[in-house]
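**Student:** make a model of this:
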Amino acid sequence: MSDKTLNPRPSSMDRATFVAQFGEIYEHSPWVAELAWEAGLGAEQDTPEGLAAAMGKVLDDASPERQLEVVRAHPDLAGKAALAGELTDDSTSEQAGAGLDQCTPEELARFERLNNAYKERFGFPFVMAVKGSNRHLILAAFEERLENSAEEERRTVVEQINRIALFRLQARAEQQ
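**Tutor:** Below is the predicted model:
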């Protein structure tokens, strides 16, 4: 947890500035930032944790279909987009931080098999907040979560996306 204040303060931003600054916290889903701004921002949203809670509530309160739009905007872990260098800067940094850019050919093949099995089972990519994790723990989580029901996994993936958003906001505050 940080007690660092985001600068400029989100509560002082107009809508366009806020969305420009925070619209990509949720992968290719600026509507989350738009609705968070529309709900109103106070001093409590000027910290990474406060803003993450406000934005997370938007995603939590969204319809399952809208939540799945956000889920489907995420890339596969150690997938083709990563190998081709087509990830957002945040995703590239997060995956590299977990060592996914150092996978052996065997591990890459296992990621590909698990990505395919997961998408076939649930209809969306596997998403995990990988900060503080490594490729071995991620592969184990993949296999464990393949056993979830579709509803349980949708809830799990939304929780993971909200954790990713918190980590991204904390990283931005640390870079100030």
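**Student:** could you measure Glu153 against Glu159, distance?
**Tutor:** Note on Glu153: its distance to Glu159, by C-beta to C-beta, to the nearest Å, is 10 Å. The way it works is simple: take the backbone N, C-alpha and C, and place the C-beta from them, glycine included.
**Student:** neighbour count winner among those two?
**Tutor:** Neighbours around Glu153 and Glu159, counted as other C-beta atoms under 10 Å, are more numerous at Glu153. The numbers are 20 against 15.
**Student:** give me the local confidence score for the nearest residue to that one once chain neighbours are set aside.
**Tutor:** By the measure of C-beta to C-beta, 6 or more residues apart in numbering, the closest residue to Glu153 outside its immediate chain neighbours is Phe122, 5.5 Å from it. Here, the pLDDT recorded for Phe122 equals 97.
**Student:** how many residues are close by Phe122?
**Tutor:** Applying other C-beta under 10 Å, I find that Phe122 has 19 neighbouring residues.
**Student:** same question, the one 3 residues further on
**Tutor:** In terms of burial, Pro125 registers 17 neighbours under the definition other C-beta under 10 Å.
**Student:** repeat for Ala141
**Tutor:** The tally of other residues near Ala141 (other C-beta under 10 Å) stands at 18.
**Student:** renumber starting at 32 from here on
**Tutor:** Renumbered: residue one is now 32, and that last one reads Ala172.
**Student:** which helix or strand contains it?
**Tutor:** With elements taken from DSSP states H and E, the one containing Ala172 is helix 166-176.
**Student:** next: Ala83.
**Tutor:** Of the helices and strands defined by DSSP H and E, Ala83 is found in helix 79-92.
**Student:** after that helix comes which helix or strand?
**Tutor:** Per DSSP H and E, helix 79-92 leads on to helix 95-103 as the next helix or strand towards the C-terminus.
**Student:** distance from that following helix to the middle of the chain?
**Tutor:** The chain centroid and the centroid of helix 95-103 are separated by 12 Å, computed with C-alpha atoms, centre = their mean, to the nearest Å.
**Student:** residues in contact with the closest residue to Thr36 other than its chain neighbours?
**Tutor:** Nearest in space to Thr36, with sequence neighbours left out and distances taken as C-beta to C-beta, 6+ apart, is Asp77 at 5.0 Å. With contacts defined as C-beta atoms under 8 Å, 6 or more residues apart in numbering, Asp77 is in contact with Thr36, Leu37, Arg40, Pro41, Ser42.
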